[in-house]
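Novice: curious how this folds, go ahead:
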Amino acid sequence: MRRVIVVDGTFLKSKYKGVLLVATAVDRNSNLYSIAFGIVDSKNERSWEWFMRQLKVVIVDDHHLAFISDRYGSIAKAIENVYPLARHGICIHHLVNNVVTYYHGKGLVGLVSKASKAYRVADFEKTFANVCNISPTIEKYLREADVHKWARCQFPGYKYDIRTTNPAESINSALRSPRVYPVIPLLDSIREMLTRWFCKRKKLISKHKHPLTKDVEKKIDRRTEKGSTFVVYPVRDGRLLVRGDKFDCLVDLDRRTCSCGKYNLLKIPCRHTLKAGFHVGREPHTLTDLMYTTRAWREAYRESINPIDVPEDAWFIQEDVKQVNVLPPDTSRSVGRKRKHRYETVEDKIRSSQTSQKNQPRKCSMSGHNIATCEIPI
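Specialist: Alright, predicted model coming up:
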């Protein structure tokens, strides 16, 4: 996987409430890859630290690892305590929404977004200077948010192309209906969803014969087309100058760098690198990081998400677990009328559609009377 973990939480809607914490990665084909789920009482420091410690059992701390989250203080403290070597970035979408809500200035939001996307430090500093000229207050806010956490080119590690909490929020959206269930049916729904995803992706991978994943192949095709008119000038073995874009780019195929900055941060060849590679006879898959290969993609789904294959009365439960007396959390009835979560079946939808068509009066397009006095049968 790209060593970027997106963490987020969403509220449960069952009788006992609670919060579902989610840790999600993105696979080689840009599909969601869920790592861990946790159910806690609320979003607080103790809950997030407990969740991170459970996550650390399977994903060790490393300076190449990165976390993406919103600006919730409890998440930042938990990452700092449990994963001191890992890097922490904040969701640019939440940051921009705060700018829209609390600050005003013509073109301010677009400039902040552009600064966060910049691949080159020079481009970032130029755009960020324009933001500071518009409003010193927004400059103070963005610096307090830590430029190294939200600007792509200033981030001390690698976020690749993951800059928002959308992966975790997409998982929460997929579990919108099961969130009203009790804990055990909720976990079983999660397991069913992951089993279905893994099975579907295994079939997709088995049919894919190219060296790179489908998503990366599409990106390379688009970039190859954009760079078709560029001109290449060899400098020395492995180093080439590419002209024809907004500015000249120096590509080093051996070090896998390009002066545009895109190749350095995403690990996928940019349009300048692809043009230089074709000039010296190097195929795109030889210039792409190994994590984007079909072989690595297949390895990610080598195992399956299996259901429990024995009846509940045949489960082996340890004695210390049997002796634990687990009480339900305290609950308080919500104010107002209780909502019923009832989902229409196919038959209900057909019946309601027929009823609405039957009750809808038809217009005879004749003057001198109304619907109530029309003698033409409906």
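
Novice: roughly how far does Phe37 sit from Ala296?
Specialist: Taken as Cβ to Cβ, to the nearest Å, the spacing of Phe37 relative to Ala296 amounts to 24 Å. No exception for glycine: its C-beta is placed from N, CA and C like everyone else's.

Novice: where does pLDDT dip in the stretch 251-378 of the chain?
Specialist: 334, 338-372, 375-378 (pLDDT under 70).

Novice: neighbour-wise, which of Phe37 and Ala296 wins?
Specialist: Phe37 (18 against 15; other Cβ atoms under 10 Å).

Novice: my read: the more buried one touches Arg191, true?
Specialist: No: look at Phe37 against Arg191 with Cβ atoms under 8 Å: they stay out of range, at 9.7 Å.

Novice: please parse the protein into its domains.
Specialist: The chain breaks down into these structural domains: 1-89+164-210, 92-158, 214-287 (assignment by automatic domain parsing).

Novice: tell me which of the ones you listed lies nearest to Val335.
Specialist: Proximity to Val335 (Cβ to Cβ) singles out domain 1-89+164-210 among the domains of the chain, at 14.0 Å.

Novice: please name the nearest non-neighbouring residue to Leu55.
Specialist: The spatial neighbour of Leu55 that comes closest, neighbours along the chain excluded (Cβ to Cβ, 6 or more residues apart in numbering), is Ala36 at 5.2 Å.

Novice: same check on Leu12?
Specialist: Beyond its immediate neighbours in the sequence, the residue positioned closest to Leu12 (Cβ to Cβ, 6+ apart) is Gly18, lying 4.6 Å away.

Novice: burial measure for that neighbour, as a count.
Specialist: 19.

Novice: longest helix of this structure?
Specialist: If each helix of the chain is counted by residues according to DSSP state H, the longest one is helix 183-207.

Novice: that one: how far from the chain's middle?
Specialist: Helix 183-207 has its average C-alpha position 18 Å from the chain's average C-alpha position, going by Cα atoms, centre = their mean, to the nearest Å.

Novice: in terms of secondary structure, what does it contact?
Specialist: strand 32-40, helix 294-300 (3 or more Cβ pairs under 8 Å, 6 or more residues apart in numbering; DSSP states H and E).

Novice: any idea of the mean pLDDT for stretch 16-30?
Specialist: Computed over stretch 16-30, the mean pLDDT rounds to 92.

Novice: buried residues in it?
Specialist: If you call a residue buried by 16 or more other Cβ atoms under 10 Å, then stretch 16-30 has these buried ones: 18-30.

Novice: now swap in stretch 70-82 and tell me
Specialist: The neighbour-count check on stretch 70-82 (16+ other Cβ under 10 Å) flags 70, 72, 74-76, 78-79, 82 as buried.

Novice: can you tell me which of the residues you listed are in helices?
Specialist: Secondary structure defined by DSSP H assigns 74-76, 78-79, 82 of those to helices.

Novice: between these, which is nearest Cys270?
Specialist: Ile79 (30.8 Å).

Novice: what ranges does the stretch 101-250 of the chain have for its helices?
Specialist: When secondary structure is read from DSSP state H, counting those that start in this stretch, the stretch 101-250 of the chain shows helices at 108-117, 121-134, 136-144, 147-150, 166-174, 183-207, 214-226.

Novice: what's the second one in contact with?
Specialist: With contacts defined as Cβ atoms under 8 Å, 6 or more residues apart in numbering, helix 121-134 is touched by 105-108, 111-112, 114-115, 118, 138-139, 142, 147, 151, 153-154.

Novice: how far out from the middle of the chain is it?
Specialist: On Cα atoms, centre = their mean, the centre of helix 121-134 falls 27 Å from that of its chain.

Novice: run the angle between that helix and helix 136-144 for me.
Specialist: 140 degrees (axes from the mean of the first three to the mean of the last three Cα atoms, to 10 degrees).

Novice: in helix 121-134, what's buried?
Specialist: Along helix 121-134, these residues count as buried under the neighbour rule (16+ other Cβ under 10 Å): 123-124, 127-128, 131, 134.
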